[in-house]
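Enquirer: This is the structure alone, sequence omitted:
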């Protein structure tokens, strides 16, 4: 099944203890689509400026990603500059230049119309809602958001959450959205806002999926399914954590949309999707920018999947 | 196989968002031995003052814990007062009164002499070393420590580490001990100091066991065994996290010492031990002080174990 993703395609200048890169190809939609491209067909909706040329286009092409929904316009692409010098778990932002992204009006190519899976990356919830409404055939919709939208654009965000099958956010965002510092209580509150599944990303500690009507300690019938926790890989060197969360989302949703899982979205498929999310997130950290995600093989992905099983399974 | 544990038996006054308790029975050796008592025979070496009476003694008796090594002396027992009002993951210490513990000289009852398992809870490494030397028959020795000993008593601590089979510490302590902010690199450095296994406790995110000669990404023969990560249970209410780490250690080491595992300490036994550690740590948080650990059944423990399996296993 094809996935359409709407979100940012950008240039990032990144500094980490491992070094510095100027104007790498970045953006949530970029990381997401590269990661998902190993599992299924991916179509992107985004906007870029004149600085996005053949070299950037070629990165998507090489992975067979449909870029007809990337609008080229006058000006510069979204630019972000940040560093992780003190703390690899949290970026320090130095520059955010929205540039052409400030006036982004998603335009959906007709050819994307049969996408059954839709991913709303971290953008203005008003735009997320507009794309969702314009793609009524999407039978599974996942999305991301961030503290800025949670704090200052709450009504629009709540509207989007109502229609989500899966929301993928981090611990801080979950607690902020719910106004509750206990993760389990916060997860329950967020699920009550609409999403059928909530995936909370814990950075270097992995991610936990919470499902509607879940419960942790047995309480009789009807309280299933219980949450599921996937680890992150303990990495000897985190070269660059930029895009790890978007890559997690790409692996997770890509696997769900893949023919292997899409016919029957069972709890077992969700569990495997969580593992594939962690797998793609771990690869993303191994090199700067999207370098590692551009050149993976399915064999490497499956070997890493086995490593995650070994890391967590009793036998 | 019997475990001897040396460490603190204390009184704690604790405040958490769930309420306040004055002078609960506490101390690392108390939590450890209660948790381990569900798996094997436990013998305690500690010192208490005149405030430790029949009521406290009865808590150990009820779990069949051998208290002949608890020395009763003139004065007051170790007292700690702390709160977790802003952050459930880290205690804020208000009062630490060492009292009789300041002059602790561990005395080992003759009856403890055949203990094949020895746990050195978080005390002065000089005392840890002395107990270890006095119990040469112990064939498996595990230990804990804290930032204070790592920073200011490093030579004595390094001496103890040389002889440890298992060291159980948290993320911060691991990185501090190694002087390295990458967990995997830090773990390798700590293993080079002597411990055959390092268990790093991540609080609400579980724990990871690192083994000597480990490697994460395949590198050919001889690089096994790989690390293993056990989750923590996402709890709807953390009433009181005091003692969760010591309870983890008790469940972990208690299981290893139990007849089920002690005959053959396989990697599979270590994995199950990690799960039992998380199980006992999760129970410890459910009530104030040692309340929950005093009144468990083996059935509850095994059900919780299954819950951890469900939380992490693909099928």
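Expert: All right, it came through fine. Values in this document were obtained by computation on a predicted structure and should not be read as measured data.
Enquirer: elements contacting the longest helix along chain A?
Expert: With residue count as the measure and DSSP state H as the assignment, chain A has helix A:267-284 as its longest helix. The criterion is 3 or more Cβ pairs under 8 Å, 6 or more residues apart in numbering or on different chains; DSSP states H and E, and the helices and strands that helix A:267-284 contacts are helix A:28-36, strand A:197-201, strand A:207-211, strand A:228-230, helix A:244-257, helix A:259-262, helix A:291-294, helix A:298-312. In short, each C-beta sits where N, CA and C put it, glycine included.
Enquirer: buried ones in it?
Expert: A:269-284 (16 or more other Cβ atoms under 10 Å in any protein chain shown).
Enquirer: Direction-wise, compare that helix with helix A:28-36 and give the angle.
Expert: Helix A:267-284 and helix A:28-36 are oriented at 110 degrees to each other (axes from the mean of the first three to the mean of the last three Cα atoms, to 10 degrees).
Enquirer: pLDDT on helix A:267-284, on average?
Expert: When pLDDT is averaged along helix A:267-284, the result is 95.
Enquirer: one step back: mean pLDDT lowest for which of the helices and strands packed on helix A:267-284?
Expert: Minimum mean pLDDT among these: helix A:259-262, a mean of 72.
Enquirer: Now tell me what touches that helix from outside.
Expert: A:1, A:40, A:116-117, A:255-256, A:269, A:272-273 (Cβ atoms under 8 Å, 6 or more residues apart in numbering or on different chains).
Enquirer: Widest-spaced pair of those?
Expert: A:116 and A:272 (18.9 Å; Cβ to Cβ).
Enquirer: Up against chain B, what does the stretch 1-150 of chain A have?
Expert: Applying Cβ under 8 Å from any Cβ of the partner chain, one finds that the stretch 1-150 of chain A approaches chain B through residue A:88.
Enquirer: which residues in the stretch 1-150 of chain A form strands?
Expert: A:3-6, A:10-16, A:19-26, A:42-48, A:66-72, A:78-83, A:92-97, A:117-120, A:140-143 (DSSP state E, counting those that start in this stretch).
Enquirer: Show me where chain A dips below the pLDDT cut-off.
Expert: Counting by pLDDT under 70, chain A shows low-confidence ranges at A:213-224.
Enquirer: Next, work out how far apart residue A:134 and residue A:183 are.
Expert: 34 Å (Cβ to Cβ, to the nearest Å).
Enquirer: Pick out whichever of those two has more residues nearby.
Expert: residue A:183 (22 against 16; other Cβ atoms under 10 Å in any protein chain shown).
Enquirer: what number of residues lie near the residue lying closest to the more buried one once chain neighbours are set aside?
Expert: Nearest-residue entry for residue A:183: residue B:234, 5.9 Å, with adjacent residues in sequence omitted and distances by Cβ to Cβ, 6 or more residues apart in numbering or on different chains. Residues near residue B:234, counting by other Cβ under 10 Å, number 21.
Enquirer: Need phi/psi at residue A:202.
Expert: phi -110, psi 20 (degrees, to the nearest 10).
Enquirer: ok so, going back, do I have it right that the residue nearest to residue A:183 meets residue A:184?
Expert: Yes - the criterion here is Cβ atoms under 8 Å, and residue B:234 meets it with residue A:184 at 4.8 Å.
Enquirer: give me the residue from chain A nearest chain B.
Expert: Residue nearest to chain B within chain A: residue A:205 (3.7 Å; Cβ to the nearest Cβ).
Enquirer: Leaving out the residues flanking it, which one is nearest to that residue?
Expert: residue B:205 (3.7 Å).
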